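# Need coordinates for the below:
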Amino acid sequence: MNGDRRDFLERLLRAPSPAGFETAALSAWVEYVEGFADEVHTDDYGNAVAVHEGTADAAIAVGGHADEIGYAVSAIDEDGFVRIIPIGGADPEVSRGTQIRIQSADGPVNGVIGQTAIHLRDPDADPAETPEITAQHVDIGAADEAEARSLVEVGDPATVAFDVHDLAGTRLAARGLDNRVGIWVAAESLRRAIELDVEATVYAVSTVQEEVGLKGAQMVGTELDADAMIAVDVTHASDNPAYPKDVANDIALGEGPVVSRGTANHPALVAAVREAAEAADIGVQLQATGRRTGTDADAFYTQRGGTPSLNIGIPNRYMHTPAEVVDLDDLEAAATLLAETAARASDRGDFSVSI
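Numbering: from 1, shown residues only. Have a look, this model is predicted:
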């Protein structure tokens, strides 16, 4: 990946956008898709939709969520230290000793989530007893409460202050790959579908507040008149020593996008994507979902009386940490696969199951 596509991904990854405060990522996304979409619109909460107006009586939507996990200022004490709460599934085991950036009304404010030096900790203490994020504190360098309150206020959001790093080969590490890779794929699927001059109408969607309960997808799902909706999100790769051996899956980085099967994942849509992958010679991996996908697909498929939906996964190591890892080849393959799926949609008809 290089050129404008890589620049676009890096803009998304560097945009601080915890759930409820997604404007930075959405602005970068909208600016990109405006370069090729027939129409782009947003709703009052920021959910963004880019449209390719097709000529056939078929429509398919591809979406990801713009928000990431993070923190919010909850209190400021008399000594100028800041207390925080998690936004979404922030992990207390990786937060201590982490540099963060608080987004104040006047601009970013740097801080550190405090961690007692190893020399000063009780050697007999249970290392598993990690204090909850609400019991941790942030040091912004303020001398007292008055100075701290002049810099930040309760409700200001924050994200970890980690940058984008290339690893060996086509691997990339960054915070917020969950789920900037999903909205990158949605935008790129649309652009590639337009290049293919597909006859179906194609929607690319960037939703808000997935990390706090799929809220944006619930809003968008009632509005889009699509025959099928595909949610692109990260999924756990098991090809690393940190992955628990008792949670079995076959997913590895660099082996292609992941097609989920079961629950929200409509069998006819699963078949359509797998057929497109075979026709385009794109390798895919499979994942079983026994209860829920944990993605926007869970909200999409119950809208408008039931909309055929599917979760496409991007293999990801170390999810919900400041250093997630993906393979850029999987992103490229996912975008091409979904553009090819859109190209075949007008010939397929509806996605209803045969009873």
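# Any idea how far stretch 159-167 is from the middle of the chain?
Mean-position distance between stretch 159-167 and its chain equals 15 Å (Cα atoms, centre = their mean, to the nearest Å).
# hang on, I meant stretch 226-233
Mean C-alpha position of stretch 226-233 versus that of the full chain (Cα atoms, centre = their mean) differs by 14 Å.
# Check the secondary structure at the residue nearest the centre of the chain for me.
For the chain, the residue nearest the mean C-alpha position is residue 179 (1.3 Å; Cα atoms, centre = their mean). Here residue 179 is recorded as helix under DSSP: H, G, I helix; E, B strand; the rest coil.
# so how far is residue 73 from residue 18?
In this view, residue 18 and residue 73 are 12 Å apart by Cβ to Cβ, to the nearest Å. From N, CA and C alone the C-beta is placed, and that goes for glycine too.
# who touches both of the two?
By Cβ atoms under 8 Å, 6 or more residues apart in numbering, residue 18 and residue 73 have these common neighbours: residue 158.
# Next one, pLDDT for the residue nearest to the centre of the chain please.
Looking at residue 179, its pLDDT stands at 96.
# check contacts around it.
Applying Cβ under 8 Å, 6+ apart to residue 179 gives the contacts 64-68, 210, 232-234.
# got a markdown table for these, with neighbour count too?
Listed next are these as a markdown table, based on neighbours: other Cβ atoms under 10 Å:
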| residue | neighbour count |
| --- | --- |
| 64 | 31 |
| 65 | 32 |
| 66 | 33 |
| 67 | 30 |
| 68 | 28 |
| 210 | 30 |
| 232 | 30 |
| 233 | 26 |
| 234 | 24 |
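# and those residues, which of them are in helices?
Under the assignment DSSP state H, those contribute nothing to helices.
# Residue 113: which of these is nearest?
Among those, residue 68 lies closest to residue 113 (Cβ to Cβ), at 16.5 Å.
# which residues in the stretch 201-350 of the chain form helices?
215-221, 267-279, 297-300, 328-348 (DSSP state H, counting those that start in this stretch).
# tell me the most buried of those helices?
Most buried of the helices of the stretch 201-350 of the chain by mean neighbour count (mean count of other Cβ atoms under 10 Å) is helix 297-300; its value is a mean of 27.
# same question for it, mean pLDDT?
Mean pLDDT, computed over helix 297-300, is 96.
# Summarise which helices and strands it is packed against.
When contacts are defined as 3 or more Cβ pairs under 8 Å, 6 or more residues apart in numbering; DSSP states H and E, helix 297-300 sits against helix 215-221, strand 228-236, strand 309-316.
# To residue 166, which of the ones you listed lies closest?
Relative to residue 166, the nearest member of the helices and strands packed on helix 297-300 by Cβ to Cβ is strand 309-316, separated by 16.2 Å.
# which residue ranges form the helices in the stretch 51-200 of the chain?
With DSSP H, counting those that start in this stretch as the criterion, the stretch 51-200 of the chain has helices at 92-95, 145-151, 177-195.
# could I get those helices as TSV with distance to residue 125?
Shown next, in TSV, are the helices of the stretch 51-200 of the chain (distance: least, Cβ to Cβ, whole Å):
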stretch	distance to residue 125
helix 92-95	14
helix 145-151	29
helix 177-195	31
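# ranking those by mean pLDDT, which is last?
helix 92-95 (a mean of 94).
# Quick check: the residue of the chain positioned farthest from its centre vs residue 132, distance?
What lies farthest from the middle of the chain is residue 124; by Cα atoms, centre = their mean that is 39.1 Å. Distance, residue 124 to residue 132, using Cβ to Cβ: 21 Å.
# related to what we said a few turns ago, columns distance to residue 184 on top of the helices of the stretch 201-350 of the chain, output as CSV?
CSV is the format used below for those (distance: least, Cβ to Cβ, whole Å):
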stretch, distance to residue 184
helix 215-221, 17
helix 267-279, 18
helix 297-300, 18
helix 328-348, 6
